[in-house]
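Enquirer: Here's a sequence, model it:
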Amino acid sequence: MGVKTFLIGPVRGMPQGFLKEHVERLEGDGYEVHWPERDTNQVAASLEICNQNHEAIKAADVVHVIWDGKSQGCLFDIGVAFALGKKAIPITMPEASPGKSFQNMVREWASCV
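Expert: Okay, here's the model as predicted:
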């Protein structure tokens with residue numbers, strides 16, 4: 001069994017197949033991936049989705065992050081992972097910005113955990 005990861009990424013608004021390609025690459029690299037689009041019940045109530053993701057993040061060894069700079073669900077999951085002390089591995093993020101920004105924080109977090 002490989003290292004468990006939770007893929008934080010938007011469920012909506014990404015190009016078709018984009019996240020799936022990353023899931024397949026991670027699985028090919030030996031990760032056991034929890035991908036919310038596939039592995040979280042997306043028809044459940046919002047609170048239940050957050051609870052399911054919380055449990056999956058808690059069970060993960062690391063989180064991989066694909067964030068489009070817009071998804072509030074990603075921000076929530078990133079906050080959960082941060083609070084649980086998980087190591088973050090950014091895959092794609094908005095460009096770094098001058099000064100304080102969420103994408104800068106995630107990159108800094110990834111370099112120190």
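Enquirer: What values do phi and psi take at the spatially closest residue to Ile78 that is not a sequence neighbour?
Expert: Of all residues not flanking Ile78 in the chain, Ile8 sits nearest, at 5.9 Å (Cβ to Cβ, 6 or more residues apart in numbering). Every residue, glycine included, has its C-beta placed from N, CA and C. When read as degrees, to the nearest 10, the backbone of Ile8 gives phi -80, psi 120.
Enquirer: what's the answer for Gln16, then?
Expert: According to degrees, to the nearest 10, Gln16 has phi -50, psi 130.
Enquirer: just checking, His34 touches His54?
Expert: No. Applying Cβ atoms under 8 Å as the test, His34 and His54 come out as separate, 11.4 Å apart.
Enquirer: thinking again about what came up before, in the sheet, who's paired with the residue nearest to Ile78?
Expert: Val65 (DSSP bridges).
Enquirer: circling back: ok, His34 and His54, which is more surrounded?
Expert: His34 (22 against 17; other Cβ atoms under 10 Å).
Enquirer: next one: phi and psi at that one?
Expert: phi -100, psi 110.
Enquirer: which residues touch it?
Expert: Residues near His34 by Cβ atoms under 8 Å, 6 or more residues apart in numbering: 4-7, 40, 56, 59-60.
Enquirer: Please tell me how far Glu108 sits from Val63.
Expert: 15 Å (Cβ to Cβ, to the nearest Å).
Enquirer: okay, these two: which has more neighbours?
Expert: Val63 (25 against 12).
Enquirer: could you say what helices and strands the host helix or strand of the more buried one packs with?
Expert: Using DSSP states H and E, the element containing Val63 is strand 62-66. Packing contacts for strand 62-66, counted by 3 or more Cβ pairs under 8 Å, 6 or more residues apart in numbering; DSSP states H and E, involve strand 4-8, helix 18-28, helix 72-83, strand 87-92.
Enquirer: Figure out how far that strand is from the centre of its chain.
Expert: 4 Å (Cα atoms, centre = their mean, to the nearest Å).
Enquirer: buried ones in the biggest helix by length in the chain?
Expert: Counting by DSSP state H, the longest helix found in the chain is helix 46-59. For helix 46-59, burial by neighbour count (16 or more other Cβ atoms under 10 Å) applies to 49-50, 52-54, 56-57.
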